[in-house]
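In: Just to be clear, the model below is a prediction. Sequence and coordinates:
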Amino acid sequence: MTAPHIRPRIRRRYHVGPGGWLYVGVTVLVALGAFNSQNNLLFWSFGLSLALLVVSGIISGAMLMGVRVERDAIASAAAGDPVRISYRVRNLNRLVPIMALTIEEIGHEPPTPPSLVDRLLRKRPASDVRPIRPPMGFVPYVGPRSSIRVEGVSRAVRRGRLLFLGVRVHTSFPFGLIRKSVSIEQAASAVVTPEVLHIAVGDRVAAAPLAPVGSMSRRSGLGDEFHALREYRPGDSPRDVAWRATARRGSLLVRQSAAPNPRRLWIVLHLRTHAGHDALDERAIALAAGLAETAERQGVEFGLVIPLSRTLVHPRRGFAHRQRVMIELGLVDLAADDGRGARSAFPTHVLGPGAAVVVVHAGPSDSGFGGNDDRVTHVSAADTPGASQTPAGQPAPTTASRGRAA
């Protein structure tokens with residue numbers, strides 16, 4: 001059953017800024033002077049000023065009576081990358097066009113500038129900790145009964161979840177005296193994924209985990225091991241025909257080979273080992289993102305385990321799986337600052353046959369977090385100073401240890 005369509009809630013407001021209040025004050029002074037002096041020129045000036053004020057409010061209000069804005073789906077973006085949000089602006093008015101329209105997101109408005117008192121006291125405004133900078137778009141003109149698409153451009157500042165409450169459009173056309181705004185509720189969410197820090201491909205940290213497993217899977221493929229027999233199909237090679245089985249059954253049978261198991265990598269993220277080290281935790285998350293990107297690029301199955309948040313993503317491969325891992329990394333919550341990660345247990349189930357494990361530590365490498373197993377490689381975010389400055393595709397070496405050698 002299709003859910004009933006719920007119309008978005010629309011709120012309209014008038015705003016008078018400092019320029020508008022100054023204009024109103026001057027108009028009042030002109031009116032007082034005209035009434036006291038009975039000067040015709042002042043009366044004309046007062047009438048013109050009042051007419052401009054009324055016309056400004058009527059025109060901007062009439063334009064926004066028929067405006068409708070629909071936000072398109074918001075794709076996930078990586079920290080530091082631009083975020084583009086597409087809107088469809090419709091003008092339902094029959095005669096009145098829309099001009100000089102500004103679009104912004106409710107909850108992501110530009111920060112209010114400090115007041116004069118704050119400037120005199122040199123009080124700094126609170127820092128903007130939102131994942132993205134305020135997105136904003138501009139529409140120069142929309143004709144009656146027409147629509148247009150416009151993009152609001154922003155930039156992702158840090159990883160995290162984005163919550164969008166609605167869209168606000170406003171205009172102060174034509175004289176800039178009165179600003180009319182329309183707020184349309186449209187809830188949506190997206191995720192800013194972490195930045196990516198790469199480990200050098202030639203380093204043993206990257207080389208050992210990506211080594212082939214060497215065993216055969218239960219699926220048919222191009223391997224050398226026997227998998228099963230099936231009926232002959234046109235186009236099969238005569239060399240694949242199982243002649244002995246064919247003679248026993250009386251119909252052509254073809255031998256299938258087993259596909260080799262794909263290379264598999266587990267990424268274990270050990271966070272919050274030291275209270276108050278948010279920068280190291282963020283760097284460890286970025287290193288895990290770099291390992292996931294490297295594994296996806298080389299066709300390796302990779303999984304993610306974060307004991308702190310009880311996150312488990314089973315090994316898969318492909319771009320869609322990498323996006324899922326990136327989103328999980330973007331949603332890691334570091335709110336509690338109590339070093340509870342130091343008490344988290346190593347996920348022993350990742351030490352399966354043939355699987356390689358890389359543990360990314362937010363603090364110094366701890367080979368005990370992994371049972372001193374030689375199959376476990378340890379990477380420390382504390383030993384990668386300046387790695388965040390390394391662009392994608394130009395990996396920087398990092399310090400690592402393997403098993404008991406640490």
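Out: That came through fine.
In: drop to CA atoms for contacts and neighbour counts, all remaining ones
Out: Noted.
In: Hmm, M99 is touching V142, no?
Out: Yes. M99 is in contact with V142 according to C-alpha atoms under 8 Å; the separation is 6.6 Å.
In: now the strands for the stretch 151-300 of the chain?
Out: Along the stretch 151-300 of the chain, the stretches classed as strands by DSSP state E, counting those that start in this stretch are 160-171, 179-193, 216-231, 253-260, 264-270.
In: Columns distance to R84 and mean pLDDT on top of those, output as a markdown table?
Out: Output for those, formatted as a markdown table (distance: least, C-alpha to C-alpha, whole Å; pLDDT from 0 to 100):
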| stretch | distance to R84 | mean pLDDT |
| --- | --- | --- |
| strand 160-171 | 13 | 88 |
| strand 179-193 | 12 | 88 |
| strand 216-231 | 42 | 57 |
| strand 253-260 | 42 | 70 |
| strand 264-270 | 30 | 90 |
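In: quick one, which of those is packed in tightest?
Out: Mean neighbour count, computed with mean count of other C-alpha atoms under 10 Å, is highest for strand 264-270 among the strands of the stretch 151-300 of the chain, reaching a mean of 26.
In: And for Q38, the neighbour number?
Out: By the criterion of other C-alpha atoms under 10 Å, Q38 has 12 neighbours.
In: List the residues that contact it.
Out: With contacts defined as C-alpha atoms under 8 Å, 6 or more residues apart in numbering, Q38 has no neighbours.
In: please redo it, this time with the cut-off set to 10 Å
Out: 31-32 (C-alpha atoms under 10 Å, 6 or more residues apart in numbering).
In: Can you give me the distance of it to F46?
Out: 12 Å (C-alpha to C-alpha, to the nearest Å).
In: if I look at these two, which residues touch both of them?
Out: 31-32.
In: can you pull out the helices in this structure?
Out: Using DSSP state H, the helices of the chain run over residues 18-37, 40-64, 116-121, 204-207, 243-249, 278-297, 319-330.
In: just checking, which of those helices sits deepest inside the structure?
Out: Ranked by mean neighbours (mean count of other C-alpha under 10 Å), those are led by helix 278-297, with a mean of 23.
In: So in terms of bridging, what pairs with the nearest residue to L331 once chain neighbours are set aside?
Out: Taking C-alpha to C-alpha, 6 or more residues apart in numbering, and ignoring the residues beside it in sequence, L331 has G160 as its nearest neighbour in space, at 5.6 Å. Beta bridges link G160 to V192, judged by DSSP bridges.
In: now the strands of the stretch 151-300 of the chain in a markdown table, with distance to G352?
Out: Output for the strands of the stretch 151-300 of the chain, formatted as a markdown table (distance: least, C-alpha to C-alpha, whole Å):
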| stretch | distance to G352 |
| --- | --- |
| strand 160-171 | 32 |
| strand 179-193 | 29 |
| strand 216-231 | 14 |
| strand 253-260 | 16 |
| strand 264-270 | 10 |
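In: So for A31, which of those sits nearest?
Out: strand 179-193 (23.6 Å; C-alpha to C-alpha).
In: any idea how far that closest one is from the chain center?
Out: 15 Å (C-alpha atoms, centre = their mean, to the nearest Å).
In: okay, the nearest residue to R88 once chain neighbours are set aside: pLDDT?
Out: Distance criterion C-alpha to C-alpha, 6+ apart; nearest residue to R88, sequence neighbours excluded, is R149 at 4.5 Å. Here, the pLDDT recorded for R149 equals 92.
In: in the stretch 301-406 of the chain, what spans have low per-residue confidence?
Out: When residues are selected by pLDDT under 70, those of the stretch 301-406 of the chain lie in 337, 371, 384-406.
In: What segments of it are strands?
Out: 301-306, 311-316, 356-361, 376-380, 400-402.
In: quick one, which of the ones you listed is nearest to T27?
Out: Closest approach to T27 among the strands of the stretch 301-406 of the chain is made by strand 311-316 (64.3 Å; C-alpha to C-alpha).
In: Tell me the strands beside that closest one, with direction?
Out: Within its sheet, strand 311-316 is paired with strand 301-306 (antiparallel), according to DSSP bridges.
In: got the angle between the partner strand and strand 356-361?
Out: Strand 301-306 and strand 356-361 meet at an angle of 30 degrees, taking axes from the mean of the first three to the mean of the last three C-alpha atoms, to 10 degrees as the criterion.
In: mind exporting strand 301-306 as CSV, just the C-alpha atoms?
Out: C-alpha atoms of strand 301-306 as CSV (Å, rounded to 0.1, in the frame of the first residue of the first chain):
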residue,chain,number,x,y,z
GLU,A,301,38.0,-8.9,-0.3
PHE,A,302,38.1,-6.8,2.8
GLY,A,303,36.1,-6.5,6.0
LEU,A,304,36.0,-4.0,8.8
VAL,A,305,35.8,-4.5,12.6
ILE,A,306,35.6,-1.7,15.2
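In: Work out the gap between that strand and the centre of the chain.
Out: On the basis of C-alpha atoms, centre = their mean, strand 301-306 sits 20 Å off its chain's mean C-alpha point.
In: Please apply the same query to stretch 328-344.
Out: Worked out by C-alpha atoms, centre = their mean, stretch 328-344 lies 19 Å from the chain centre.
In: What is the end-to-end distance of it?
Out: 18 Å.
In: ok, now stretch 246-265?
Out: 41 Å.
In: Among the strands of the stretch 151-300 of the chain, which comes closest to L64?
Out: Nearest of the strands of the stretch 151-300 of the chain (C-alpha to C-alpha): strand 179-193, 7.0 Å.
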